[in-house]
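Asker: How does the following fold in three dimensions:
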Amino acid sequence: MLFALVALSGCGLFSGEIEDKTAGWSAEKLYSEAQDELNQGGYDQAIKYLRNLQIRFPFGRYAQQALMEECYAQWKAQEPEQAMAACDKFIKQYPNNPNIDYVYYVRGLINFSGDLGFLGGLAGQDLTERDPKSLREGFDSFREVVTRFPESRYTPDSYARMRYLVNALASHEIHVAAYYLRRGAYVAAADRAKGVVLNYQQTPLTEDALEIMVVAYDDLDLPELRDGAKKVLAQNFPNHVPGKFTPKDKVWWKIW
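Answerer: Numbering: from 1, shown residues only. Take a look at the predicted model:
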């Protein structure tokens, strides 16, 4: 007990020392120290300085910049929820800030990279296997940059990430459709695959979607829909080789 009391007392003294250290700092000093921490990768300490700056000087010229820097610092500190909250707060409070394109870009990066976690990283999980909600939100943020700020320095990279996210979203739908197909949920499989054909026509996943539709409609004994999907597949992908989603026990000649 005595050891614990001493330890707690030491923690209190230490916290007080940190607080006293910044108590007399100006906004310029807080911002400068935060920048130094950001440059050195000290994101947690940078966040403390930036938040102190916003609390002590909420109407100063550094307040907006501090909140914008916090968006980036929270993201780099692997705190996506706090980073997103900071971005949303900035967008709401300072919609006319000349650097608003950067905040939308960072918002897209937060959703783009996501936080798979340590175990997710070890398992080699990729974007296409995750809940697509964050992928769609990331796409929307990058689209905001592209459409509202076509001359922004972040627009070219936003375009590239949008293309990747479209493919990732389509791939996610194929994962789900294939799962339904394996489970014998042919209506659900066909609907998911049809969604890919309708919503992601420019992606290479359309080929997989059409094969799933052919197989699902065949199992549902819907020859007209099956043959229609097969015709579209043959016209658009003449070199397609069936089998990726076709069960081995299928009588292939009946389908192909």
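Asker: Please enumerate the helices of the stretch 1-150 of the chain.
Answerer: Remark: helices assigned in the stretch 1-150 of the chain by DSSP state H, counting those that start in this stretch are 2-23, 27-39, 43-56, 63-76, 80-93, 100-113, 117-122, 132-148.
Asker: And the stretch 151-256 of the chain, by the same measure?
Answerer: Ranges of helices within the stretch 151-256 of the chain are 155-182, 186-199, 205-219, 223-236, 252-255, based on DSSP H, counting those that start in this stretch.
Asker: Pick out the shakiest of these, pLDDT-wise.
Answerer: Ranked by mean pLDDT, the helices of the stretch 151-256 of the chain end with helix 252-255 at the bottom, a mean of 56.
Asker: show me the contacts for the nearest residue to Leu181 once chain neighbours are set aside.
Answerer: Excluding the flanking residues, the one nearest Leu181 by C-beta to C-beta, 6 or more residues apart in numbering is Ala189, at 4.1 Å. The C-beta positions use only the backbone N, C-alpha and C, and glycine is treated the same way. Contacts here follow C-beta atoms under 8 Å, 6 or more residues apart in numbering; on that basis Ala189 touches 177-178, 180-181, 212, 215-216.
Asker: and with 7 Å instead?
Answerer: Ala189 makes contacts with 177, 180-181, 212, 216, as judged by C-beta atoms under 7 Å, 6 or more residues apart in numbering.
Asker: got it, and Val214?
Answerer: Val214 touches 226, 229-230, 233, 255, counting by C-beta under 7 Å, 6+ apart.
Asker: could I get these as a markdown table with distance to Pro247 and neighbour count?
Answerer: Below are those laid out as a markdown table (distance: C-beta to C-beta, whole Å; neighbours: other C-beta atoms under 10 Å):
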| residue | distance to Pro247 | neighbour count |
| --- | --- | --- |
| Arg226 | 15 | 21 |
| Ala229 | 17 | 25 |
| Lys230 | 16 | 21 |
| Leu233 | 17 | 21 |
| Ile255 | 11 | 16 |
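Asker: got those as a markdown table, with distance to Phe112 columns?
Answerer: Formatted as a markdown table, these follow (distance: C-beta to C-beta, whole Å):
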| residue | distance to Phe112 |
| --- | --- |
| Arg226 | 38 |
| Ala229 | 33 |
| Lys230 | 36 |
| Leu233 | 32 |
| Ile255 | 38 |
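Asker: between those residues, which is closest to Gln45?
Answerer: Of all the contacts of Val214, Leu233 has the smallest distance to Gln45: 56.9 Å, by C-beta to C-beta.
Asker: my guess is that closest one contacts Asn239, does it?
Answerer: No. Assessed by C-beta atoms under 7 Å, Leu233 is found out of contact with Asn239, at 10.9 Å.
Asker: mind checking the backbone torsions on Phe237?
Answerer: phi -130, psi 70 (degrees, to the nearest 10).
Asker: What is the burial count for it?
Answerer: 15 (other C-beta atoms under 10 Å).
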